[in-house]
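Asks: predicted model follows, preceded by the sequence.
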Amino acid sequence: MRSPNAAVTATLAAVAVLAVVAGGVAADRRRPVDGPAAAAAPLPVPSTTPTTVPMTPKPTAKPTAPTDTAKVKLDLAKLPTGRAPQLQYRLGRVVAGGTRGGVNSSERAMTIPGRKDILRAANRGGNLLAVLTDDSGRTELVRTGITEDRPGTPIPDVGSLVLSPDETTAAYATARSNPDNTRAKGSTVTWERDTVRTLKRPNDWGSHVLAVTGDKIWFRADTDQNGTTSALYVWDSASGDVERISGVRSPVGVDPTGALAADFVAGAAQNFCSTVTELPSGSRRWLTCDYAIAGFTPDTNTTIGTPDFRNGGADPLVVALDSADGKVRREWTGPQFRQAVAEDDDHLLLVADSGEGTRGAIIRCTISTGGCELATPLTDRPRSDLQLLGDWS
């Protein structure tokens with residue numbers, strides 16, 4: 001799905017934030033959090049310093065009734081209100097949501113400084129990182145937060161940014177360009193927690209981080225100047241070992257455990273197909289030319305799919321596929337879907353609206369039942385203002 005990439009000029013609308021205490025990272029990602037939930041609370045007016053948002057506990061509304069069929073048609077206006085997103089998201093220049101990483105980031109709404117367009121952002125334990133771009137297409141990484149009251153020196157040419165599932169570790173990579181905007185050779189992959197580790201890639205035509213867990217980073221390296229061919233690598237930042245994974249030609253994503261990868265391949269009639277590939281063997285599990293793979297659930301049992309075509313930057317449906325064989329387990333239609341990310345093993349978070357200029361929201365849909373609910377209030381904000389920060393775009 002597509003990540004927003006537009007400057008934000010409007011005043012922030014109300015969004016929902018929630019603090020959830022979980023016994024452990026794995027358990028937290030595998031199931032919804034029980035007990036009282038937080039309903040929508042207004043976000044503060046944007047500033048250049050971190051901002052704290054108060055919590056307003058309210059009971060969680062029941063999702064829409066389970067369905068007897070795999071296909072579910074939604075009406076955004078009729079969805080009940082549920083708990084706030086358990087993953088990080090952005091409304092305008094404010095980053096909220098998330099439940100892990102030392103500082104409970106769902107209690108904090110942090111503002112991205114400046115006026116440049118926002119490509120990616122991540123709240124790493126109260127330290128906010130953001131990839132920004134200007135009108136010329138040049139990118140940079142900026143940071144602010146607990147340890148940096150003011151933005152530090154931007155890191156140029158950073159084009160990708162990911163956060164570990166426990167929100168303690170960030171990874172980012174550069175894709176350099178020449179003054180005429182042609183690609184330049186050489187890139188750097190960076191692992192960041194309490195310390196920073198870097199991997200120089202002098203022969204790559206740009207690198208793109210796909211996932212980070214513990215000390216390991218999975219990244220894609222372009223092997224030609226046009227970016228038409230690439231390779232998948234895993235770097236152990238603690239030992240320094242770098243391994244190329246065979247059997248993956250155009251990797252678009254890796255699940256956080258490093259067990260599965262999604263690969264785009266050319267299909268018949270000049271279309272594109274997606275494969276699910278097992279790691280580290282590189283063995284192909286299955287192929288589909290009906291859907292573009294957009295992610296996996298934390299347990300890797302479910303694969304998220306969207307059509308391989310776009311309608312104004314949005315998709316008319318989202319499917320949950322069985323990761324074992326690619327069969328459709330659930331299909332949602334009705335709104336236009338702009339992003340899809342697995343919140344836990346049985347829930348997807350979807351950014352949905354009814355088209356340009358209509359009200360949109362982040363909704364939560366249950367794979368096992370098909371029922372859906374609002375995770376943030378419907379808002380009149382521009383499409384580019386609402387972004388899930390864990391997608392593969």
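Replies: Yep, it's here.

Asks: so is A77 in a helix, a strand, or just coil?
Replies: A77 falls in the helix class when you classify it by DSSP: H, G, I helix; E, B strand; the rest coil.

Asks: mind listing what the closest residue to it other than its chain neighbours touches?
Replies: Among residues not flanking A77 along the chain, L378 sits closest, at 7.6 Å (C-beta to C-beta, 6 or more residues apart in numbering). From N, CA and C alone the C-beta is placed, and that goes for glycine too. If you count contacts by C-beta atoms under 8 Å, 6 or more residues apart in numbering, L378 has them with 76-77, 359-361.

Asks: now F264
Replies: Counting by C-beta under 8 Å, 6+ apart, F264 touches 250, 252, 272-274, 292.

Asks: going through these, which ones are buried?
Replies: 250, 252, 273-274, 292 (16 or more other C-beta atoms under 10 Å).

Asks: between those residues, which is nearest A171?
Replies: Taking C-beta to C-beta as the measure, V252 is the one of the buried ones among the contacts of F264 closest to A171, at 16.3 Å.

Asks: hang on, isn't that closest one packed against F272?
Replies: No - between V252 and F272 there is no contact under C-beta atoms under 8 Å: 10.3 Å.

Asks: one step back: as CSV, the buried ones among the contacts of F264 with secondary structure would be great.
Replies: Shown next, in CSV, are the buried ones among the contacts of F264 (three-state DSSP):
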residue, secondary structure
S250, coil
V252, strand
C273, strand
S274, strand
A292, strand
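
Asks: so which of those is the closest to E140?
Replies: Nearest to E140 among the buried ones among the contacts of F264, with distances taken as C-beta to C-beta, is V252, at 23.7 Å.

Asks: who's in contact with the closest residue to the closest one other than its chain neighbours?
Replies: Residue nearest to V252 in three dimensions, not counting chain neighbours: A262, with 5.1 Å by C-beta to C-beta, 6+ apart. Contacts for A262 (C-beta under 8 Å, 6+ apart) come out as 251-254, 274-277, 293, 296, 303, 392.

Asks: ditto for H208
Replies: 159-160, 173, 175, 219-222.

Asks: quick check: beta-bridge partners of R90?
Replies: Per DSSP bridges, the residues bridged to R90 are V95, Q387.

Asks: correct me, but it touches R120?
Replies: No - between R90 and R120 there is no contact under C-beta under 8 Å: 9.3 Å.

Asks: tell me where the stretch 151-300 of the chain has strands.
Replies: 155-156, 158-163, 170-174, 187-192, 196-201, 207-213, 216-222, 230-236, 242-245, 251-254, 260-266, 272-278, 283-288, 291-296 (DSSP state E, counting those that start in this stretch).

Asks: any chance of those in JSON lines with distance to D322 and mean pLDDT as columns?
Replies: Shown next, in JSON lines, are these (distance: least, C-beta to C-beta, whole Å; pLDDT from 0 to 100):
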{"stretch": "strand 155-156", "distance to D322": "40", "mean pLDDT": "94"}
{"stretch": "strand 158-163", "distance to D322": "25", "mean pLDDT": "96"}
{"stretch": "strand 170-174", "distance to D322": "29", "mean pLDDT": "97"}
{"stretch": "strand 187-192", "distance to D322": "33", "mean pLDDT": "97"}
{"stretch": "strand 196-201", "distance to D322": "35", "mean pLDDT": "97"}
{"stretch": "strand 207-213", "distance to D322": "21", "mean pLDDT": "96"}
{"stretch": "strand 216-222", "distance to D322": "23", "mean pLDDT": "96"}
{"stretch": "strand 230-236", "distance to D322": "23", "mean pLDDT": "95"}
{"stretch": "strand 242-245", "distance to D322": "23", "mean pLDDT": "96"}
{"stretch": "strand 251-254", "distance to D322": "18", "mean pLDDT": "94"}
{"stretch": "strand 260-266", "distance to D322": "13", "mean pLDDT": "89"}
{"stretch": "strand 272-278", "distance to D322": "10", "mean pLDDT": "91"}
{"stretch": "strand 283-288", "distance to D322": "9", "mean pLDDT": "94"}
{"stretch": "strand 291-296", "distance to D322": "12", "mean pLDDT": "94"}
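
Asks: so which of those strands comes closest to T369?
Replies: Nearest of the strands of the stretch 151-300 of the chain to T369, taken as C-beta to C-beta: strand 291-296 at 19.7 Å.

Asks: give me the contact list for that closest one.
Replies: Identification of contacts with strand 291-296 by C-beta under 8 Å, 6+ apart yields 1, 252-253, 255, 260, 262, 264, 272, 274, 276, 302-308, 318-319, 321, 323, 340-342, 391-392.

Asks: quick one: name whatever helix or strand follows that strand.
Replies: Downstream of strand 291-296, the first helix or strand assigned by DSSP states H and E is strand 302-307.

Asks: measure how the helix or strand following that next one sits relative to strand 291-296, angle-wise.
Replies: Next along the chain after strand 302-307, taking DSSP H and E as the criterion, comes strand 315-322. On the basis of axes from the mean of the first three to the mean of the last three C-alpha atoms, to 10 degrees, strand 315-322 is oriented at 60 degrees to strand 291-296.

Asks: I appreciate the help and will end here.
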